[in-house]
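>>> Sequence unavailable; structure follows:
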């Protein structure tokens with residue numbers, strides 16, 4: 001996989017090997033680690049803490065900022081980093097009253113104070129938007145450090161903490177007979193100001209190098225690992241200002257690659273309030289690992305079949321066209337059109353579809369769960385059938 005040649009991993013196999021012996025918390029198969037209530041030591045409650053960053057999307061944003069001077073790009077990066085935390089926690093059922101702390105490491109030589117201001121203001125703007133939908137994010141400050149010796153451009157991360165009732169925790173128990181409802185990563189939700197390409201914050205190393213032309217690496221060597229093999233570094237033909245056409249519609253390359261990661265938090269808050277935890281057997285945030293993410297949360301006798309997938313949005317078709325990456329790899333690196341999956345009985349699926357629709361988010365039953373002699377994921381798409389075991 002080219003992903004490996006670029007020094008990154010879609011499935012983080014080495015990370016999972018390193019942590020496999022660690023305690024998995026009081027709900028071992030929950031999407032996030034759940035701990036006892038260390039805040040008030042109440043046996044009816046539990047606490048959760050999650051940390052993540054925007055990953056290498058900051059490098060992509062840096063290139064676009066250097067070319068365009070558009071500071072709004074950095075507000076999107078804040079959302080990327082926040083969503084990678086809050087949406088993971090929401091898959092467990094923690095959907096409100098989240099305490100948020102930031103960690104920003106910058107190379108002061110190339111990232112100035114205007115960028116820092118945009119990042120900090122962007123955090124408050126996102127929190128204000130979530131408050132409009134009844135989700136409270138409490139901003140607790142954070143750390144901003146000048147660490148140019150170890151950071152080429154910028155690293156943006158958050159740590160999020162919250163507390164909830166143990167009885168409301170969703171621990172994944174995906175079962176044969178479940179259907180899978182997929183919620184689109186693309187389009188324009190009611191809480192989004194513009195079209196969202198669906199790119200998210202995973203696979204951005206591939207997106208950057210497969211789509212952008214070689215000159216970006218020449219002009220801005222600080223934007224990537226120059227020890228990377230030349231044959232996989234900036235191999236595309238596109239610039240940020242290029243217009244591409246898909247399905248008779250025009251799209252700017254910069255808009256496709258830098259759409260902020262969609263949050264499903266307002267949707268999930270309503271979903272938990274309406275259905276409740278018992279009726280949902282699993283919620284998966286299809287982040288690292290793309291459409292194979294669920295593999296980490298199913299038993300050895302479960303076969304996941306996704307045979308009615310949502311359309312692949314333009315951004316992923318662009319990346320594939322520019323790179324000629326095998327579709328099998330694309331589905332393991334990117335979300336490919338839906339980044340949230342809800343596993344539940346078919347009789348309850350319509351509730352999920354209706355709630356998604358109320359937020360103007362496309363959703364449909366994308367597959368089913370069946371019994372198997374071994375753990376397996378099968379994807380049936382317009383680009384072939386792929387089996388992951």
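The structure has been received and is ready for your questions. These figures come from a predicted structure and were not determined experimentally. Residues are numbered from 1 along each chain as shown.
>>> Residue 327 touches residue 381, doesn't it?
Yes - using Cβ atoms under 8 Å, residue 327 makes contact with residue 381 at a distance of 7.0 Å. Backbone N, C-alpha and C define where each C-beta goes, glycine included.
>>> Which residue of these two possesses the greater neighbour count?
residue 381 (20 against 17; other Cβ atoms under 10 Å).
>>> Helix or strand: which one has the nearest residue to that one once chain neighbours are set aside?
Distances taken as Cβ to Cβ, 6 or more residues apart in numbering put residue 309 closest to residue 381, at 5.6 Å, once the chain neighbours are dropped. Residue 309 belongs to no helix or strand when elements are defined using DSSP states H and E.
>>> Show the contacting residues for residue 156.
53-54, 58, 77-78, 80-81, 102, 104, 119 (Cβ atoms under 8 Å, 6 or more residues apart in numbering).
>>> Show me what counts as buried in stretch 42-49.
Within stretch 42-49, the residues scored as buried using 16 or more other Cβ atoms under 10 Å are 45-49.
>>> Among those, name the ones in strands.
45-49 (DSSP state E).
>>> Can you tell me which of these is closest to residue 267?
residue 48 (19.1 Å; Cβ to Cβ).
>>> which stretches of the stretch 251-389 of the chain form strands?
Assigned by DSSP state E, counting those that start in this stretch, the stretch 251-389 of the chain shows strands spanning 280-285, 302-306, 338-344, 363-371, 376-381, 384-388.
>>> helices or strands next to the second one in the packing?
Counting contacts by 3 or more Cβ pairs under 8 Å, 6 or more residues apart in numbering; DSSP states H and E, the secondary-structure elements packed against strand 302-306 are strand 179-184, strand 363-371, strand 376-381.
>>> tell me the most buried of those?
Mean neighbour counts were taken over those using mean count of other Cβ atoms under 10 Å, and the top value, a mean of 25, falls to strand 179-184.
>>> Note down every partner strand of that strand and its orientation.
Listed by DSSP bridges, the sheet partners of strand 179-184 and their directions read strand 338-344 (antiparallel), strand 363-371 (antiparallel).
>>> Would you mind telling me which of the ones you listed is nearest residue 88?
The nearest among the strands paired with strand 179-184, by Cβ to Cβ, is strand 338-344 at 10.9 Å.
>>> Check what contacts that closest one and list those residues.
Taking Cβ under 8 Å, 6+ apart as the rule, strand 338-344 contacts 87, 172, 174-175, 178-185, 198, 200, 262, 264, 267-268, 271, 275, 279-287, 294, 309-310, 352, 363, 366, 369.
>>> among the residues you listed, which ones are buried?
Buried, going by 16+ other Cβ under 10 Å: 87, 172, 174, 178-185, 198, 200, 262, 264, 267-268, 271, 275, 279-287, 294, 309-310, 352, 363, 366, 369, out of those.
>>> Next, the buried residues of stretch 128-140.
129-130, 135, 137.
>>> Then stretch 160-167?
Buried-residue list, stretch 160-167, by 16+ other Cβ under 10 Å: 160-164.
>>> again, but for stretch 265-278
265-272, 275, 277.
>>> what's the farthest-apart pair in those?
Most distant of those, by Cβ to Cβ, are 266 and 277, 17.9 Å apart.
>>> May I see the strands paired with strand 179-184 organised as TSV, with distance to residue 387 and mean pLDDT added?
Putting the strands paired with strand 179-184 into TSV (distance: least, Cβ to Cβ, whole Å; pLDDT from 0 to 100) gives the following:
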stretch	distance to residue 387	mean pLDDT
strand 338-344	18	98
strand 363-371	13	98
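>>> could you dump those to JSON lines with distance to residue 254?
Shown next, in JSON lines, are these (distance: least, Cβ to Cβ, whole Å):
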{"stretch": "strand 338-344", "distance to residue 254": "21"}
{"stretch": "strand 363-371", "distance to residue 254": "28"}
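>>> Mind checking those for the one nearest to residue 109?
That would be strand 338-344 among the strands paired with strand 179-184, by Cβ to Cβ, at 34.7 Å.
>>> sorry, back to before: now do the residue nearest to residue 381, the pLDDT please.
We have a pLDDT of 98 for residue 309.
>>> Assign a three-state SS to residue 161, would you?
With DSSP: H, G, I helix; E, B strand; the rest coil as the basis, residue 161 sits in strand.
>>> Contact partners for it?
47-49, 98-99, 101.
>>> Now for residue 22, how many residues are close by?
8.
>>> if I pick the residue minimising distance to the centre of the chain, what's in contact with it?
Centroid-nearest residue in the chain, with Cα atoms, centre = their mean: residue 287, separated by 4.2 Å. Going by Cβ under 8 Å, 6+ apart, residue 287 touches 84, 88, 200-202, 293, 335, 339.
>>> Can you lay out the residues you listed as JSON lines showing distance to residue 7?
Shown next, in JSON lines, are the contacts of residue 287 (distance: Cβ to Cβ, whole Å):
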{"residue": "84", "distance to residue 7": "20"}
{"residue": "88", "distance to residue 7": "24"}
{"residue": "200", "distance to residue 7": "20"}
{"residue": "201", "distance to residue 7": "17"}
{"residue": "202", "distance to residue 7": "15"}
{"residue": "293", "distance to residue 7": "21"}
{"residue": "335", "distance to residue 7": "22"}
{"residue": "339", "distance to residue 7": "24"}
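>>> Quickly name whichever of those residues is closest to residue 67.
After measuring these against residue 67 - Cβ to Cβ - the closest member comes out as residue 201, at 20.7 Å.
>>> did I read that right, residue 41 in a strand?
No - read with three-state DSSP, residue 41 is coil and lies in no strand.
>>> Quick check: pLDDT value at it.
Value listed for residue 41 in the pLDDT field: 96.
>>> pretty sure residue 328 contacts residue 385?
No - the criterion here is Cβ under 8 Å, and residue 328 misses it with residue 385 at 9.6 Å.
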